[in-house]
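# What follows is a predicted protein model with its sequence.
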Amino acid sequence: MNVLQDVFTALSVGSVYGVVGAGYVIVHRITGMVNFAQGDLAMAGAFGAVVAASALPTGAAMVAGAVVGGIAGLLLYVLAVHPLRNQGLLVQTIVTLAAAIVLRSLAQLVFGTKPYALDPLTAGRPIQIAGASLPLQALWLVGIMALLYVALTAFFDRTMTGRAMSACAINRYAAGVVGINVVGMAALAFTISGAITGLIGAVQVPLGFATADFGLALGLKGFIAAILGGFDRIGLAMVGGVLVGFVESFAASTISTSYQEVIVFGLLLVLLVARPGGLTRLRVSERV
Amino acid sequence: MPALEVRGLSYAYGSMKVLDGVDFHVDEGEIVTLIGPNGAGKTTLLNVVARSLRLREGTVLLRGEDTGRCSQADMVRRGLLLVPEGRQVFGALSVEDNLLLGRYVRRREGRAGADLDRVYRLFPRLRERSRQLAGTLSGGEQQMLAIGRAMMGAPRVMLLDEPSLGLSPQMVERIMDALSQLRDQGVTIVLVEQNAFAALRLADRGYLLQTGRIVGSGSSENLAHDPTVRHVYLGSATDEGGDDAGSAPPGES
Amino acid sequence: MSDNATRRWPLPRMTRTAGPAAATVIVIAVLPGVLGDYYLGLGYTIGMNALLALGLILVTGFAGQFSLAQAAFYAIGAYGSALLTVKAGWPAAAALVVSALGAALVAYALGKPVFRLRGHFLAMGTLALTEIVYLLVNNLSFTGGSSGFGGIMPFSLGQVEFDDLRSQFWLVWSVVAATLWASLRIRRGREGRALRALRSHEAAAAACGIPISWTKTRVFAGSAFIGSIAGSLYAHQLLYVNPPPFDVMTSVDILAIAVLGGLRSPWGAIVGAVGFQVIRQAVDGVLPGLFGAGSVGAGEELVFGVILVLILVVRPDGIVGALSSLASRASAPRGTAPVRPAAGGRPAPAADARPGERVVLRARGLSKHFGGVRAVTDVDLTLHEREILAVIGPNGAGKSTLLNVLSGNLPPTTGRVELNGADVTGARADQVAARGLARTFQTPSLFAGLTVRENVLVGGYLSGRVGLIRSALPTIGAVREERRLAARADEILAELDLSHLAEHEAGHLSLGQQKMVEVARALALNPAVLLLDEPGAGLNRAEKLALAGILRGLRARGVSLLLIEHDMEFVMSLADRVHVLNFGRTLRVGTPAEVQADEDVIAAYLGTARRDVDGDEPVEATNARS
């Protein structure tokens, strides 16, 4: 057992979970919904990049993955979620699950069940430190998560559109009063959420491959990250993602790789029971 | 031509009819108040005019133009700004961010500096607190912010819903002062108030609303001395069978 | 069901119970004789899916909770039965029951904490549970890992063995029929009404004394029980268990079946299971030609995913919903309910009509703050027996918040509430209701989708004790109780002159009628204290006069009333005392005449600069309305 190696693994997979978690948070803050297709948007991004890579350089292909994820998110909102706006959250949530199934099975029809690979963004050997190896692509993952944090924070705090989205999250009624198109902002939230999730899904392909069914487990782990972030804070969700990565990689090295996912999903149940407010002090509001 | 004219406006929440054929108009540069007790439908009326609620029945004309197809954002773009009941500021954002959001529909029109200055000149307190989170302001300051936010949208008509709610008398005076200055700057004002006397002191004209209908109107002077107003607000224990103006709403509901 | 039990009900109810019986007899008795093995196999699969979907409809359709755990419970039943019979040598029936109890226990352990949270947490939690169970049976050595294990004997009950397809078909459809019948009974029994009520309006359901999360937890456990039975039957049919049938896609398929058929009615499970199989057959016939032989699995999923989206967008209540709305358009009374001239309620015996000395409801130093906003501050309030106390005050004075704190719908920030001498500070709404406090709401809050009689029956929830299991079975006690509750509901409806509306859907009534039914529902709690939040709002004059008469009649019968009202004339003519709130604080308490003449009260209402009030505090109105 090599602790440093576990840390490296945790950081690289944790970055993926963290960004997916941030994707949940963006949608939830602005619409109050949980998008069950979040993990499958990452899958869509991954396959978008795989297809684009046949014509484009790897970097551009990964950007294409982000575009595919964003478009998929937007379509999900426009075609399924928005038409059900008067049906309540239960039906809206079920429809995101249905959309997840559509995405997943569509990918399976087109790409089959075999894994696809991509070249890493930077060629070169993994960095070796004290017997542990750190692939360069893992550095990209961590770097992109950090970059997304900075960019999203700047977007929500500094731009007019970002402020308008925050305004929707804080007080939807007042957002309407000042002339913000609340429906447009919800669509934008799904798009941004899909784009960052698609991007991270694409960037992780060189390490983790792309398969049609990887969205399910990824979605669950991202959800745990989002819970840890109190479903409200992008930064904390990213930290939460890394924590999930740590639990997973240490469970794999100290207990068994067969049970790593059982332990991670068990963590979700424990969190729901014991600490649904995540890392924040805020209690999750109960309905009166 | 009136700055704002409302004809035959009705509204119901499900089977609960809260507005029943309301007509009123406001001329350019006027301050008109809509007074009436709780539950009269005042807040609903403003929200329908501003399209926070859908306009289902009736006509709303802005400077003579029909606004039947306008969304809420369209109304804001046409210079009709609502200052909602209970302030509804963005508590987790700074005072300045709140103000900047007020010119969201005009975000591509030049720089915000001049607009901000105009608000800060009217409410110097907001300049001092521009970096503070809006949620930490006092009730009166939040009301200033809500009015300032509406000013940022370059209003021609401003609808205010109970700006005096929960404020001390001194603060009510300051808010009313600010409204009269706004009028001097050319803004037409519709003031919904339960605090009838404060509103009538400021306004040129008023309408009295009860259970969704206009039951009285006139100059502020006349309304202030109208016994109907007091009756509508406080009722009277003795005349149970009395059938004064408006105390018996129509049978169908 | 005995004649006695059904006689009370109007005709449609009898056909509703006769329907499943007839259908069941036909399916079970006739089909196995005429079908060949191929169709028998299909029928078996349909029955299995219907059973799983029935479990899901219980939790998602009745209680409105999105669960993806059906595959997990299915696995617990299958593996539980397999392990207990093969490795421990238990009889099949015992293994089935114990596994199902185990599944119910898992559901209970997960549901109890999670149901306190928002809905999507349960959905994700159940998804995780399904994944965990799937991974566990895949990896544990005693479940045989990914290859599973065999050696399971066919299901047997005493001497009877279900060892061929025909008898298994018979078995599974018998279980389906029994479950369907039980679900239908639950749906219109005390427990089902409670579930449908809390789905429609949680706060109002709690105010009727229904313990919200406990009720959801029990029905979730019930759905686990059914799912596990399906798993046990499956194991005894295949005689072999391995992980693939228990992955999350099974949960999704079951969801698709329930949505396709319609979540609101147990019939949706049957209709959905048939429709699902028909679509599947069609897809399997077409797809290989289009995409090649490997495409069947993914193609089916794609088709069902798309169908799920389409059904939700076009017809969220599924096939059964569409059919029943067609049927009701043809027959049932629709449109506006008949309007009758309002009666003035029972005349009150004058001698009892004065308030007594005993305090039935007392608040001391009560405050409620929302973040920094003080909606209610330091309010002392007393309500005597046989008293009508009106709480008035300008907009945003904190009236509704005060009422919500008194009724337990909101916990107070500080202070104490006593009801009939017992401390109920911080108790939940259903606990306060159980101590004799009923309430109505500011906006109409009848349970939509329930009839007027059913609404009043929900109000009688606390005077019954038949739970989920006895709701399902027509025991003598359950039947008798239901009859007693119905008689009481009819009595109340008659008293308020609402009998002619009993079979109408609550949502279709006029506002005045809805408000009256809400009073009837509150009366069904047999309350000592009744809180009314703006009972007169939106009523016309005649209706208000009728309401006042009814409230006086209640007072004469010993009920204490606290009401929030804006119509001063109404208040002044009705109330014994008036409690005036302003800025969340008590401004004045006195007789109507005193309050009406009080300068401070006039100032609070009409406004004047003379008042010296508290400083410029952040007091907001929005939170006072809940």
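Everything's here; your move.

# what's the longest helix in chain A?
helix A:3-31 (DSSP state H).

# Skip ahead from that helix and say which helix or strand is next.
Using DSSP states H and E, the helix or strand that directly follows helix A:3-31 along the chain is helix A:38-52.

# so how far is that next one from its chain's centroid?
Distance of helix A:38-52 from its chain centroid, counting by Cα atoms, centre = their mean, to the nearest Å, is 12 Å.

# would you put the C-alpha positions of the helix or strand following it in CSV?
Per DSSP H and E, the first helix or strand lying C-terminal to helix A:38-52 is helix A:58-75. Extracted C-alpha coordinates of helix A:58-75, given in CSV (Å, rounded to 0.1, in the frame of the first residue of the first chain):
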residue,chain,number,x,y,z
THR,A,58,-7.2,16.4,-28.4
GLY,A,59,-7.6,19.7,-26.7
ALA,A,60,-10.2,20.9,-29.2
ALA,A,61,-11.9,17.6,-29.0
MET,A,62,-12.3,18.0,-25.2
VAL,A,63,-13.8,21.5,-25.7
ALA,A,64,-16.2,19.8,-28.2
GLY,A,65,-17.1,17.5,-25.3
ALA,A,66,-18.0,20.5,-23.2
VAL,A,67,-20.2,21.8,-26.1
VAL,A,68,-21.9,18.5,-26.4
GLY,A,69,-22.6,18.3,-22.7
GLY,A,70,-23.9,21.9,-22.7
ILE,A,71,-26.2,21.2,-25.7
ALA,A,72,-27.5,18.0,-24.1
GLY,A,73,-28.2,19.9,-20.8
LEU,A,74,-30.1,22.6,-22.7
LEU,A,75,-32.1,20.1,-24.7
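
# which parts of helix A:58-75 are buried?
By neighbour count on 16 or more other Cβ atoms under 10 Å in any protein chain shown, the buried set for helix A:58-75 is A:58, A:61-75. From N, CA and C alone the C-beta is placed, and that goes for glycine too.

# Check stretch B:18-37 too.
The neighbour-count check on stretch B:18-37 (16+ other Cβ under 10 Å) flags B:18-20, B:22, B:24-26, B:30-37 as buried.

# which of those residues lies closest to chain C?
B:Pro37 (5.9 Å; Cβ to the nearest Cβ).

# For C:Gly222, the count of nearby residues, please.
Counted with other Cβ atoms under 10 Å in any protein chain shown, the neighbours of C:Gly222 add up to 24.

# all strands for chain C, in order.
C:149-150, C:156-157, C:160-161, C:240-241, C:359-370, C:373-384, C:388-392, C:414-419, C:422-423, C:437-439, C:529-533, C:560-564, C:577-582, C:585-590 (DSSP state E).

# Need the winner for burial among those.
strand C:437-439 (a mean of 28; mean count of other Cβ atoms under 10 Å in any protein chain shown).

# how close does the closest residue to A:Ala64 other than its chain neighbours sit to chain C?
Leaving aside its chain neighbours, A:Ala64 sits nearest to A:Ala52 (3.6 Å; criterion: Cβ to Cβ, 6 or more residues apart in numbering or on different chains). According to Cβ to the nearest Cβ, to the nearest Å, A:Ala52 and chain C sit 22 Å apart.

# I'd say A:Ala52 and A:Ala60 touch.
Yes. Counting by Cβ atoms under 8 Å, A:Ala60 is a contact partner of A:Ala52 at 7.0 Å.

# For chain B, what's its nearest residue on the stretch 101-250 of chain A.
For the stretch 101-250 of chain A, Cβ to the nearest Cβ, closest residue to chain B: A:Gly179, 3.3 Å.

# That residue: what secondary structure?
The three-state label given to A:Gly179 by DSSP: H, G, I helix; E, B strand; the rest coil is coil.

# Could I get the phi/psi values of the closest residue to it other than its chain neighbours?
The spatially closest residue to A:Gly179, leaving aside those adjacent along the chain, is B:Val76, at 3.3 Å (Cβ to Cβ, 6+ apart). In terms of degrees, to the nearest 10, the main-chain angles of B:Val76 are phi -60, psi -40.
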